[in-house]
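Trainee: here's a sequence, model it:
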Amino acid sequence: MLFALRDAQAPSQRLEVVAVTHECDFPAAATGLPQLTRTVIPEGLDAAAIDAEVKRVTGEGRALYELDEDALREAEPDLIVTQALCEVCATSHGEVVRVAANLPGAPAVLSQDPKDLTSVLDDILRLGEATGAPAAAMALRSALERRLAEVADAVAGRSRPRTLALEWLDPPFIGGHWVPEMIAAAGGTDVIGTTGARSRQVTWPDLADLAPDVVIGMPCGYYVENSTAQVLAQHARVGALGASRVFAVDAASSYSRPGPRLIDGVELLASLLHPGAVDAPDGVASAEVELARA
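Mentor: Got it, this is the predicted structure:
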């Protein structure tokens, strides 16, 4: 997460987004803004090679993303929003603070580092205050909370499918931070993840005795096509887990990024775990993956 905002010079005194990261693609207008970052990970690597490269770069004490200082300077921001929660997901927080201190006007830096759904909702209010839109932020939070309550009502009293969320598959990483809470909110039971804890690497033998009813492939930052490809690449291992249903989802849209669309992710999970009880939200893709079972 990294984006820059500038005073809109309007009576509302709200800030407007003027630059984003190279991965910001929602809403569509974001793709037309100047990009402030670039990745050091080469394109075209498979899942195992990406993991190895990430570990190599971070093991050398280097950041996975480079910050374009010239682009940030040209954006003339009044506020820079970033995060320090995950070094794999964004430019180094320390680097952003260092660069910001040397920009004209020394723009403020707001770090958003939520570990669960509640802190994601809290950050909406913090961002609303920082950008001059507290009422809009409160209205958005209230609307998201209503949607969560509607899902809770829809799945109340139903059996809770044992669910395994995989945030990477080669090697396997289990879902962390807000993902176990999202599964619970959708009417499932996470068989291994802990709300608020980091996603962590495990081995396939670690997963062998969990007996999930449902496996959700949600590789961090991937959309459904690449999520499906990761699941299929590990078809024998995933199939051996014995789940009756296996899905791949748009992780980039509604699971990897801590923002309002996590609620879309809860609704999608509920529609997969409890077909017919909750409608899948528009614009968030998923695919059921047929695998050979052991």
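Trainee: so A185 sits against L117, correct?
Mentor: Yes. The pair formed by A185 and L117 meets the contact definition of Cβ atoms under 8 Å, at 7.2 Å. In short, each C-beta sits where N, CA and C put it, glycine included.
Trainee: any residues in contact with both of those two?
Mentor: Contact criterion Cβ atoms under 8 Å, 6 or more residues apart in numbering; residues shared by A185 and L117: L148.
Trainee: now the strands for the stretch 101-250 of the chain?
Mentor: Taking DSSP state E, counting those that start in this stretch as the criterion, the stretch 101-250 of the chain contains strands spanning 108-111, 162-169, 172-174, 189-190, 200-201, 214-217, 245-249.
Trainee: want to throw these into CSV with mean pLDDT, mean neighbour count and distance to V155?
Mentor: Listed next are the strands of the stretch 101-250 of the chain as CSV, based on pLDDT from 0 to 100; neighbours: other Cβ atoms under 10 Å; distance: least, Cβ to Cβ, whole Å:
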stretch, mean pLDDT, mean neighbour count, distance to V155
strand 108-111, 89, 16, 34
strand 162-169, 98, 26, 12
strand 172-174, 97, 21, 22
strand 189-190, 98, 19, 12
strand 200-201, 95, 14, 27
strand 214-217, 98, 27, 14
strand 245-249, 98, 24, 16
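Trainee: among the ones you listed, which is nearest G61?
Mentor: strand 200-201 (19.8 Å; Cβ to Cβ).
Trainee: any idea which helix or strand carries V57?
Mentor: In this structure, V57 is located in helix 47-59 according to DSSP states H and E.
Trainee: who's in contact with that helix?
Mentor: Under the contact criterion Cβ under 8 Å, 6+ apart, helix 47-59 has outside partners 40-42, 45, 63-64, 87-88, 168-171, 219, 230, 233.
Trainee: farthest pair within these?
Mentor: Put simply, by Cβ to Cβ the two of these set farthest apart are A63 and A233, 27.9 Å from each other.
Trainee: who's more crowded, those two?
Mentor: Neighbours per residue (other Cβ atoms under 10 Å) separate A63 from A233, with A63 holding more: 18 against 15.
Trainee: V96 is in contact with that one, correct?
Mentor: No. Applying Cβ under 8 Å as the test, A63 and V96 come out as separate, 10.3 Å apart.
Trainee: where in the stretch 51-200 of the chain is pLDDT low?
Mentor: 85-92 (pLDDT under 70).
Trainee: and P260, backbone torsions?
Mentor: Note on P260: backbone dihedrals following degrees, to the nearest 10 are phi -60, psi -30.
Trainee: kindly report the same for S244.
Mentor: phi -80, psi -20.
Trainee: so who does it touch?
Mentor: S244 makes contacts with 213-214, as judged by Cβ under 8 Å, 6+ apart.
Trainee: roughly how far does it sit from I80?
Mentor: In this view, S244 and I80 are 46 Å apart by Cβ to Cβ, to the nearest Å.
Trainee: repeat that for V120.
Mentor: V120 sits 19 Å away from I80 when distances are taken as Cβ to Cβ.
Trainee: same deal with L127?
Mentor: Here the criterion is Cβ to Cβ. By it, L127 lies 12 Å from I80.
Trainee: residues shared between the contacts of those two?
Mentor: Listed as contacting both L127 and I80 by Cβ under 8 Å, 6+ apart are L110.
Trainee: before we move on, the earlier item: Throw the strands of the stretch 101-250 of the chain into CSV and include distance to S271, thanks.
Mentor: Converted to CSV, those look like this (distance: least, Cβ to Cβ, whole Å):
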stretch, distance to S271
strand 108-111, 33
strand 162-169, 13
strand 172-174, 22
strand 189-190, 17
strand 200-201, 27
strand 214-217, 12
strand 245-249, 10
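Trainee: tell me which of those sits nearest to L262.
Mentor: Among the strands of the stretch 101-250 of the chain, strand 245-249 comes nearest to L262, with 12.2 Å by Cβ to Cβ.
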